[in-house]
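In: the amino acid sequence is not available; the structure is as follows:
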DNA sequence: AAAACTCCTCTTTTT
DNA sequence: GAGGAGTTTT
């Protein structure tokens, strides 16, 4: 009975995926095949039919956003609170475990979590000291990160190195970097995983405890796991082998972040008898879109075979259009969006434009502005990444963890406390000589230095930080507000930035200080208040996991998609192809693929060739649209005339505003007929779309 | 300590 | 072509 309720409205494969709990399960889920639904339903099946406790299902998502969605879905299905559940990213799970258990590894549990920015700062500091060319810091940070994602700690790396050249330097920096983290009582994101693995390997009792806590494991986006993450999961799963991983190898687009596609094979090897279920019915795209996307991805080899199909057969062919310049491309897209919008079938929020690199968005923004269309660009600098936010958070982190040298260096002269580089390096040396934290070194220096303006401001700084660490603030907001005022930092900011900090403070209202810090460290941005009717602009990477009725993918040119810096290796090209595939499969009804012969990249305009990926599909799947710039301009004109009729008797035209006696003001989306017989489609803000015959209604044109 | 100047770089990115 | 960082100038 419960079974029927929980699997109602699901297809046979989805049902099977939910009901199979005997052993390890591998779900190969195509784009739009309802994998999130399957995970949520499986969770509730485990609880309602199998009697598992909601806290004993270890559920992993790729992003925090996905975790929130999953929680909400499960909450609705179970009608139970999901707050204490283990539904989240692996990093947040590890943080939860480490805050509790890290003492047994000799750390303290008030550790700071460093983000990429902090890592870069630390590495640069080290490079300066080692007198290694500082511009290398980015490469080094990413090398260290990928070493950690493969569970290669500094010791292991050192011993593996008969290294020469760069590797030797890297090893030296890596050792020092990890040492600095340890001294500063800080972990970077990769440490969260690596240390949890270390914890489980060194402390079998702790591992047993967590193995015992969980009766089932659900892992979404398994293709995006790193080696370290896989090892962690394997440790936890190994006892009873009740796990279900969901993955799509065709959407593996995060190799650069250390994701390892071999984990898919490892899972089946490490858990023999794994049942494989394929979800191949797409509930998203039309058959035409699936055909085109399928033709693209089919060029990649060594994939798991998969045959996506849909009941939404037919649909429009995929549109393809080539332009002279990227400006024309952008203009045309704006025009198409406007026309579709005015027809009334779609809202602005139903449109998305994807591109490979952020700088492609510029031209598009101009064009959309020009047409007066509302849009938002996703994935700009995240809120927590802004300088002013990071600065106040650094104050907060230092108050919680005095050892946090990276945070201290960040704010010691912010606002200016008159500390010059001589004094600073004296403090650094003092800290090093006595192997104490910078914070303690400052205190020591203050004790035996003569009175001065610098001494006063430093004394005040120390007092401030100590005040807040001793003080039990009621909430993170209270602490932030006080720090912001009393540190004198507020005075150094302009209005905009003050407003940002205030936004941070209000988001901290009523939250526990440590929880709030964790939240900031583990989340990328403020949960986007995505509401509102906007066209979405984003990179192909950002598009993963989303869907839109109408999708445009722009810049389909050699050097852009595939991107020029990803064209050397074969693996890189296949990843670019998957990226394109991910973009295509986001679309429900309409898909446009565009490119241009001339595109402005950085300073100069470059000549562009059509992307090799287009060759795979144009012949059979695309409807090639001629542009205004070709000789057939008349065709465009006729299309336009249909949409915006301009005969003598037409009283209203698309885009004009009218007032209705009961529904208020609305925008005309589409018109039919003329004179007294004219019928119009009007969108009213609250009521929605309405068809109106003008002779029956007393409309006012405004 | 701020302003001016030069140099450099410039995929994608979640945690 | 713009933003960031580091260096030199005032």
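Out: On my side now, so go ahead. In this text the structure is predicted, and so the values were computed from the model without any measurement.
In: sec struct for the residue most central in space within chain A, please.
Out: Centroid-nearest residue in chain A, with Cα atoms, centre = their mean: residue A:542, separated by 6.0 Å. The three-state assignment at residue A:542 reads helix, by DSSP: H, G, I helix; E, B strand; the rest coil.
In: for it, give me the pLDDT.
Out: Looking at residue A:542, its pLDDT is 92.
In: distance of the nearest residue to residue A:134 once chain neighbours are set aside relative to residue A:382?
Out: Leaving out its chain neighbours, the residue that sits closest to residue A:134 by Cβ to Cβ, 6 or more residues apart in numbering is residue A:127, at 4.9 Å. All C-beta atoms are positioned from the backbone trio N, CA, C, and that covers glycine. Taking Cβ to Cβ, to the nearest Å as the measure, residue A:127 falls 26 Å from residue A:382.
In: so for those two, which sits in the more crowded spot?
Out: The residue with more neighbours, out of residue A:127 and residue A:382, is residue A:127; 20 against 14, by other Cβ atoms under 10 Å.
In: mind checking if the helix or strand containing that one is in reach of DNA strand C?
Out: Element membership for residue A:127, per DSSP states H and E: helix A:116-130. Yes - counting by Cβ under 7 Å from any atom of the strand, contacts between helix A:116-130 and DNA strand C involve residue A:124.
In: the helix or strand following that helix vs DNA strand C: in contact?
Out: Next in sequence after helix A:116-130, counting helices and strands by DSSP H and E, comes helix A:137-149. No - using Cβ under 7 Å from any atom of the strand, helix A:137-149 never reaches DNA strand C; the gap is at least 8.7 Å.
In: neighbours of the residue in the stretch 51-200 of chain A that DNA strand C sits nearest to, how many?
Out: At 5.9 Å from DNA strand C, residue A:124 is the closest residue in the stretch 51-200 of chain A, using Cβ to the nearest atom of the strand. Neighbours of residue A:124 under the rule other Cβ under 10 Å: 17.
In: quick revisit: list the contacts of the residue nearest to residue A:134.
Out: By Cβ atoms under 8 Å, 6 or more residues apart in numbering, the contact set of residue A:127 is A:133, A:134, A:136, A:137, A:140, A:173.
In: now residue A:191
Out: A:148, A:181.
In: ok, the host helix or strand of residue A:324: who's next to it in the sheet?
Out: Using DSSP H and E, residue A:324 falls within strand A:318-325. Strand A:318-325 sits in its sheet next to strand A:587-601 (parallel), strand A:622-624 (parallel), going by DSSP bridges.
In: look up the closest residue to residue A:656, ignoring the ones flanking it.
Out: Using Cβ to Cβ, 6+ apart, the closest residue to residue A:656 is residue A:668 (5.0 Å).
In: can you give me how far stretch A:446-456 is from the chain middle?
Out: Offset of stretch A:446-456 from its chain centre (Cα atoms, centre = their mean, to the nearest Å): 47 Å.
In: for stretch A:35-48, same thing?
Out: Stretch A:35-48 sits 24 Å away from the centroid of its parent chain (Cα atoms, centre = their mean).
In: endpoints of stretch A:24-32, how far apart?
Out: End-to-end distance for stretch A:24-32, by Cα to Cα, to the nearest Å: 23 Å.
In: so what touches that stretch?
Out: Residues contacting stretch A:24-32 (Cβ under 8 Å, 6+ apart): A:17, A:35, A:38, A:237, A:241-251, A:264, A:267-268, A:271, A:273-280, A:282-285, A:293, A:304, A:306, A:308, A:547, A:581-582, A:585-586.
In: now, of the residues you listed, which are buried?
Out: A:17, A:35, A:38, A:237, A:241-251, A:264, A:267, A:271, A:274, A:277-280, A:282, A:284-285, A:293, A:306, A:308, A:547, A:581-582, A:585-586 (16 or more other Cβ atoms under 10 Å).
In: inside strands: which ones of these?
Out: A:243, A:244, A:245, A:246, A:247, A:277, A:278, A:279 (DSSP state E).
In: no further questions, thank you.
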